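K.L.:
A predicted structure for the sequence below; I have some questions about it.
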Amino acid sequence: MAATPPSADRDWQGFARFLLLSVAGVFVAYLALAVLVDPYDTGRSTLLSRGAVRPQGPRTASAVRGRDPAYTGAVIGNSHIQLIEPATLTRLTGIPFVQLSVPATGPIEQFAVLDWYLQHHARPEALVLSADAFWCADDPTFPSEHGFPYWLLGGWPDYLNGLIRFPAAQETINRLGWLLNPRHKTAAADGWWDYERNYLSQGFGIDPAKKAALEKPASPTPEPHHGGPFPIAARLRAELARIPARTPVVIVFPPVYARAEPPAGSPRAVAEAACRAEVRAALSEHPSSTVVDWRDGRPEAGDPDLFFDQTHYRLPLARILTTDIADAIVRLRTRMTD
C-alpha cells in the first residue's frame, strides 16, 4: 500500500487545527456575548441593563430583584410566604420591600437568595424569613427534588460555568430580543405574584376530591427524615451572624390548616415543636429579632375557606399575616431607637 504523501498529512493537520480553533473561537465568542448580554440581568454586566425585570420565573428573577438597591427590605421563603404582598409591607412599615420567595425551595436555596441579597444590601432595613416544614429536616444538606440555579447567585467561576448551558444560551437570545423590542413586557419589579387564580383554575376550593384532601387528618408520626435532630439551628446562626445587629429579622412560622396539625403530644407534634424551639433559640441571638407564629392554634387556621390545601393559605389570610409581620417590624424598629 502506498504511503500517504507528507503534503496530505500536513493538509489534514492544518484542517484539524483550523477546525479546533474555529470551535474554540465560536465558544469564546458565545461566552463573551453571554457575559455582555447577562441573560438574567445579574448585574455582572450593566451595559445592557434597563432597570426592568424581564418576565421569567422567580428562580431566575431573584438575581435581578435581589440586587435592586431600591428595595431595602426582603421577604424570603417559598410558596408558603409568597402571598405576602411587598407593597402592603412597604405601606405599613415605610420600608421598600421586595418579594424574593421561590416556590418549592428549602432553607439551602433560601439562604443562597439571602446571601445574594446581602451582597447587594450591606445594611438592609428589615428581613422576613419563612420557616416551614422544610426547615425541620435532619439532613444538613437539605436536599431538594427541584433544581435551583445556584450558579446565578455564586461567584464568577460558577457563573461562567452556568452560562455554558443550552437554557442559558436560549435566554441570551431571548434577552437580546426583549431588549430590542420597544414594546417589551415587564414583570413586577418587587416580585409580587398573586397565585390565587392559578390555584382556583386547578379546582382548589371547588373540586370535591381536593376539599376532601383538605380534611385529611395529620399522621401522629413524623414525616421521614423530619424526626430530628435538626441542623437548621446551626445554619441559621451562621446566616444571622452576617446580618447587621440593628436590622430587624422576623421569622414566620406560616399557617397550616388545622387538620394538618398533628395530635397534641404525638411524636410528630413533639418533633415539630422541638424544631421550632431550636429556630427560636437561634434567632434570639440576633439583637433585633422576633417570631410571628401562626402555628399557635389561631381560629383562622380552622376555616377551610382560607386554605387551598393544608399548607397553602389564601389571600384573605395572607393579608392578616402581612399586618402581623408589619407590626412586628415596627415594634423591633421602635425598640432599637428607644
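P.N.:
Nice, I can see it.
K.L.:
residue contacts, R276?
P.N.:
R276 makes contact with A131, C136, F253, D293, R295, according to C-beta atoms under 8 Å, 6 or more residues apart in numbering. (C-beta placed from N, C-alpha, C; glycine too.)
K.L.:
could you find the closest non-adjacent residue to D139?
P.N.:
Ranked by C-beta to C-beta, 6 or more residues apart in numbering and with sequence neighbours excluded, the top spatial neighbour of D139 is H225, at 6.0 Å.
K.L.:
show me where this protein has helices.
P.N.:
Remark: helices assigned in the chain by DSSP state H are 6-37, 58-65, 86-93, 107-120, 156-163, 166-180, 196-201, 208-214, 232-240, 267-283, 315-337.
K.L.:
which ones are touching G25?
P.N.:
So G25 contacts nothing (C-beta under 8 Å, 6+ apart).
K.L.:
E300 now?
P.N.:
Counted by C-beta under 8 Å, 6+ apart, E300 has contacts P255, L306, L317, I320.
K.L.:
E215 now?
P.N.:
R259, P304.
K.L.:
and it, how far is that from D309?
P.N.:
Counting by C-beta to C-beta, to the nearest Å, the gap from E215 to D309 is 11 Å.
K.L.:
point to the residue nearest the middle of this protein.
P.N.:
With distances taken as C-alpha atoms, centre = their mean, V102 lies nearest the centre of the chain, 3.4 Å away.
K.L.:
sketch out the low-pLDDT regions of the chain for me.
P.N.:
1-16, 18-19, 21-22, 24, 338 (pLDDT under 70).
K.L.:
which non-adjacent residue is nearest L163?
P.N.:
A34 (4.5 Å).
K.L.:
could you do A301 as well?
P.N.:
A258 (4.7 Å).
K.L.:
ok, back up a step: ranking by neighbours, what's the top pick from the contacts of R276?
P.N.:
Ranked by neighbour count (other C-beta atoms under 10 Å), the contacts of R276 have A131 at the top, with 26 neighbours.
K.L.:
quick check: it touching V279?
P.N.:
Yes. Counting by C-beta atoms under 8 Å, V279 is a contact partner of A131 at 5.2 Å.
K.L.:
need the overlap of contacts for those two.
P.N.:
I232, I251.
K.L.:
could you list every residue that touches R237?
P.N.:
So R237 contacts A282, E285 (C-beta under 8 Å, 6+ apart).
K.L.:
recalculate using a threshold of 6 Å.
P.N.:
A282 (C-beta atoms under 6 Å, 6 or more residues apart in numbering).
K.L.:
and for W192?
P.N.:
E85, P86, Q99.
K.L.:
how about L283?
P.N.:
Neighbours of L283 in contact, by C-beta under 6 Å, 6+ apart: I251, S289.
K.L.:
ok, it to A187 distance?
P.N.:
The value you get for L283 to A187, if C-beta to C-beta is used, is 32 Å.
K.L.:
ok, now Y159?
P.N.:
Y159 is 22 Å from A187, where distance means C-beta to C-beta.
K.L.:
burial of the residue nearest to E278 when sequence neighbours are not counted, as a residue count?
P.N.:
Among residues not flanking E278 along the chain, A233 sits closest, at 4.1 Å (C-beta to C-beta, 6+ apart). A total of 18 residues lie near A233 under the criterion other C-beta under 10 Å.
K.L.:
hmm, E145 and A104 touching each other?
P.N.:
No. Using C-beta atoms under 6 Å as the test, A104 is too far from E145 to be in contact (7.7 Å).
K.L.:
comparing the two, which residue is more hemmed in?
P.N.:
A104 (14 against 6).
K.L.:
now do the contacts for that one.
P.N.:
Contacts of A104 were listed using C-beta under 6 Å, 6+ apart, and they are H146.
K.L.:
going forward, begin numbering at 41 instead of 1
P.N.:
From this message on, residue numbering opens at 41, which makes the last subject A144.
K.L.:
any figure for the gap between it and S184?
P.N.:
A144 is 7 Å from S184, by C-beta to C-beta.
K.L.:
and R84, by the same measure?
P.N.:
25 Å.
K.L.:
and for L346?
P.N.:
Distance from L346 to S184, counting by C-beta to C-beta: 28 Å.
K.L.:
cool, E318 as well?
P.N.:
Noted for E318: a distance of 21 Å to S184, by C-beta to C-beta.
K.L.:
more neighbours: which of these two?
P.N.:
E318 (20 against 14).
K.L.:
pretty sure the more buried one contacts G268?
P.N.:
No. Using C-beta under 6 Å, E318 is not in contact with G268, being 8.8 Å away.
K.L.:
hang on, the earlier thing: just give the number of residues close to the residue nearest to L203.
P.N.:
For A74, the neighbour count with other C-beta under 10 Å is 23.
K.L.:
and what of G134?
P.N.:
G134 has 14 nearby residues by other C-beta under 10 Å.
K.L.:
could you do D343 as well?
P.N.:
Quick note: D343 (other C-beta under 10 Å) scores 15 neighbours.
K.L.:
quick check: the nearest residue to it once chain neighbours are set aside vs T82, distance?
P.N.:
Excluding the flanking residues, the one nearest D343 by C-beta to C-beta, 6+ apart is L357, at 8.0 Å. As defined by C-beta to C-beta, L357 lies at a distance of 34 Å from T82.
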